[in-house]
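1. Fold the following.
(one chain, ligands or ions: 3)
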Amino acid sequence: MTLHLDDLRVRRLGECRYDSPFAEMLSTKQTSPHYVAEGDRVLLEDTVSMLSGHSLPPGRVPSFEAAGPRRKIYFDPADVTAGIVTCGGLCPGLNNVIRGIVQELAVHYKVKQILGFRNGLQGLTAAHRDDTVELTPERVRDIHNAGGTILGSSRGGQDADEMVDSLVVRGVDILFVIGGDGGMHAATFLSKAIRERGLDIAVIGVPKTIDNDLPFTDQSFGFQSAFARATDFISSVSVEAAASPNGVGIVKLMGRHSGFIASYAALAANAADIVLIPEIPFALGGDDGLLAHVERLVRSKGFVVIVLAEGAGQDLFEKHGLPQYNGRGTDASGNVRLGNIGELLKECITAHLTAVGLAPAMRYIDPSYAIRSIAANAYDSVYCLRLAHAAVHAAMAGRTDAAVARWRRRFVHVPLSLMISRRNQVDPDGDLWMSVLETTCQPAGFGSVPDRGELNRVP
Ligand SMILES: Nc1ncnc2c1ncn2[C@@H]1O[C@H](COP(=O)(O)OP(=O)(O)O)[C@@H](O)[C@H]1O
Ligand SMILES: O=P(O)(O)OC[C@H]1O[C@](O)(COP(=O)(O)O)[C@@H](O)[C@@H]1O
Ligand SMILES: [Mg+2]
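-> Numbering: from 1, shown residues only. Ligands and ions are numbered 1, 2, ... in the order given. Purely as a prediction, here's the structure:
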């Protein structure tokens, strides 16, 4: 997908006429290695070859608007009611983002009111719109010390027009949607409905997901805390496997379509022999298949440690006639329910090793919810706070239909249309996967497999 400068422009509700509380602080600021001034832009691409491929003057090269406070703002803070909603699966740092948004809005902009909608987008339906939480600095003071979200979250479809009605009824001028790919889709549809009705409401997304599968953001918040926690489980399983005759340790981690958690956790633990991710299909049988490799490792080193993402090997269920582990339909938000690849591997590896006289000591764990329900670590706490500040500045300056993100270490505004335009996945030809191969010493592939494009097609 070739992107042009115009694809990266963010929508504005109108002219900024009010003085910003940050005007004085900004009066002397200009772009420096550590600051991108208002009006300057952040490059989409960062290699000489990609830049020279455009043959465009610098001002026309694809770039994002820099996030941050503006000298002039769109909304009169004294009249602003803001709303916050958290959607989808839990992720470390949700409370940090809520707290950061509330503090920035209340302390610096001194807005009129901040409402927390409960239990995800369900809170924006007619039946639940009046059951909001009044968010004040006092109410959010300690929430960042806990995982989860004080607002609650949910999956499940809601009608965009009904949600816009709720915003109108509750007098909301700015809505912050903290969500993953689903939440960003919902925010896009909300924005569209708002535009079609000619309403003056800003919608700003804050991209959230432990899967790190959202595009145009270096890493989504909470990802680092989540994979750090996953690392502990890999280390435990590896100790168990190493201490058992023919030990086989398997850790199944989250990651529906993207193997970032599995890859990073495996690198951090530096104890896995095999990493399996959705982006790289694999075969079980044959001399160059997964089972033969596992057998070789058990024979040569005495044990094997496998880290896998839940979305890996989804093509194997049909192929091996194992319908009992097959995924069934979709969840309430339309996400495909996956087959349990961990159980499938556990069964196939046990059967194979037993058949060749190496009956294994199987150590299988699935710590999925244990890694995403924790509080944010120090790094993510800083990141969440800065994203929250960026989200508030964007909204107060009348930006809408946009998300805030960190891109190439700078904070930027990304149109929501781009946030939902594709999925971020581990590139089998990229340097992250190369590091995984270098660390695990696993072969580049296991057996002959279906075409990658077929498997990873974005639905
Ligand atoms: N394509 C879509 N269009 C509109 N709303 C969506 C879409 N996908 C998901 N949603 C809504 O967004 C919310 C969050 O989506 P979900 O997939 O559960 O989590 P996440 O935001 O973490 O990806 C849900 O309430 C869901 O109904
Ligand atoms: O059991 P749940 O709540 O449906 O969540 C499972 C899914 O949530 C995730 O943790 C994150 O997904 P989202 O960020 O899109 O909500 C996935 O890795 C996992 O498949
Ligand atoms: Mg999602």
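
2. For the rest of this, base every contact and every neighbour count on C-alpha atoms.
-> Noted.

3. Give the residue spans of this structure that score low on pLDDT.
-> Applying pLDDT under 70 to the chain flags residues 320-328, 450-459.

4. who's in contact with the residue of it most remote from its centre?
-> Most distant from the centre of the chain: Gly357, at 43.2 Å, with distances by Cα atoms, centre = their mean. Under the criterion of Cα atoms under 8 Å, 6 or more residues apart in numbering, the contact list for Gly357 is empty.

5. swap in His257?
-> Applying Cα under 8 Å, 6+ apart, the residues contacting His257 are Asp213, Pro278, Glu279, Gly311, Ala312, Gln425, Asn456.

6. ok, and the most crowded of the residues you listed?
-> Neighbour counts for the contacts of His257 (other Cα atoms under 10 Å) peak at Ala312, which has 28 neighbours.

7. from memory it sits against Leu276, does it?
-> Yes - between Ala312 and Leu276 there is a contact under Cα atoms under 8 Å: 6.0 Å.

8. anything in contact with each of the two?
-> Common neighbours of Ala312 and Leu276 (Cα under 8 Å, 6+ apart) are Gly259.

9. So which residues on the protein come close to ligand 2?
-> Listed as neighbours of ligand 2 in the chain under the rule Cα under 6 Å from any ligand atom: Gly88, Gly89, Gly180, Asp181, Thr209, Ile210, Asp211, Met254, Gly255, Arg256.

10. Which of the contacts of His257 fall within helices?
-> Using DSSP state H, no member of the contacts of His257 sits in helices.

11. give the contact list for Gln425.
-> Gln425 neighbours (Cα under 8 Å, 6+ apart): Asp213, His257, Ser258, Gly259, Phe260, Glu279.

12. where do the strands sit along the stretch 51-200 of the chain?
-> 63-66, 72-73, 81-86, 113-116, 133-134, 174-179 (DSSP state E, counting those that start in this stretch).

13. mind putting the ones you listed in a markdown table, mean neighbour count and distance to Tyr18 included?
-> Formatted as a markdown table, those follow (neighbours: other Cα atoms under 10 Å; distance: least, Cα to Cα, whole Å):
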| stretch | mean neighbour count | distance to Tyr18 |
| --- | --- | --- |
| strand 63-66 | 24 | 20 |
| strand 72-73 | 21 | 5 |
| strand 81-86 | 26 | 16 |
| strand 113-116 | 22 | 18 |
| strand 133-134 | 14 | 26 |
| strand 174-179 | 25 | 16 |
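
14. Which one, of those, ends up nearest to ligand 3?
-> strand 174-179 (7.8 Å; Cα to the ion).

15. hmm, who's touching that closest one?
-> Against strand 174-179 from outside (Cα under 8 Å, 6+ apart): 80-88, 94, 183-184, 187, 201-209, 391, 395.

16. ditto for stretch 241-252
-> 233-234, 237-238, 240, 298-299, 302-310, 342, 346, 358-368.

17. could you redo the last one with a cut-off of 7 Å?
-> 234, 237-238, 298, 302-310, 342, 358-366 (Cα atoms under 7 Å, 6 or more residues apart in numbering).

18. From Arg406, how far off is the closest residue to Val36 other than its chain neighbours?
-> In space, and not counting its chain neighbours, Val36 is closest to Ala66: 6.4 Å by Cα to Cα, 6 or more residues apart in numbering. Counting by Cα to Cα, to the nearest Å, the separation of Ala66 from Arg406 is 10 Å.

19. Need the residues touching each of those two.
-> In contact with both Ala66 and Arg406: Val412, using Cα under 7 Å, 6+ apart.

20. Which positions in this protein make contact with ligand 3?
-> Gly180, Asp181 (Cα under 5 Å from the ion).

21. Enumerate the residues of the chain near ligand 1.
-> 87-89, 121, 155-158, 179-183, 185-186, 333.

22. What subset of the residues you listed is buried?
-> Cys87, Gly88, Gly89, Leu121, Arg155, Gly179, Gly180, Asp181, Gly182, Gly183, His185, Ala186 (16 or more other Cα atoms under 10 Å).

23. hmm, back to that, show me the two of the contacts of His257 that sit farthest apart.
-> Distance extremes for the contacts of His257: the farthest pair is Asp213 and Ala312 at 14.5 Å, using Cα to Cα.

24. picking up where we left off before, which one of the contacts of His257 sits closest to Leu56?
-> Among those, and counting by Cα to Cα, the member closest to Leu56 is Gln425, at 28.6 Å.

25. how close does that closest one sit to ligand 1?
-> 15 Å (Cα to the nearest ligand atom, to the nearest Å).

26. Which residue is the nearest non-sequential neighbour of the most centrally placed residue in the chain?
-> The centre of the chain sits closest to Thr209, judged by Cα atoms, centre = their mean, with a distance of 2.8 Å. Counting by Cα to Cα, 6+ apart, Thr209 lies nearest to Gly180, which is 5.3 Å off, once chain neighbours are set aside.

27. Please verify my assumption that the one you found contacts Asp211.
-> No - judged on Cα atoms under 7 Å, Gly180 makes no contact with Asp211 at a distance of 9.0 Å.
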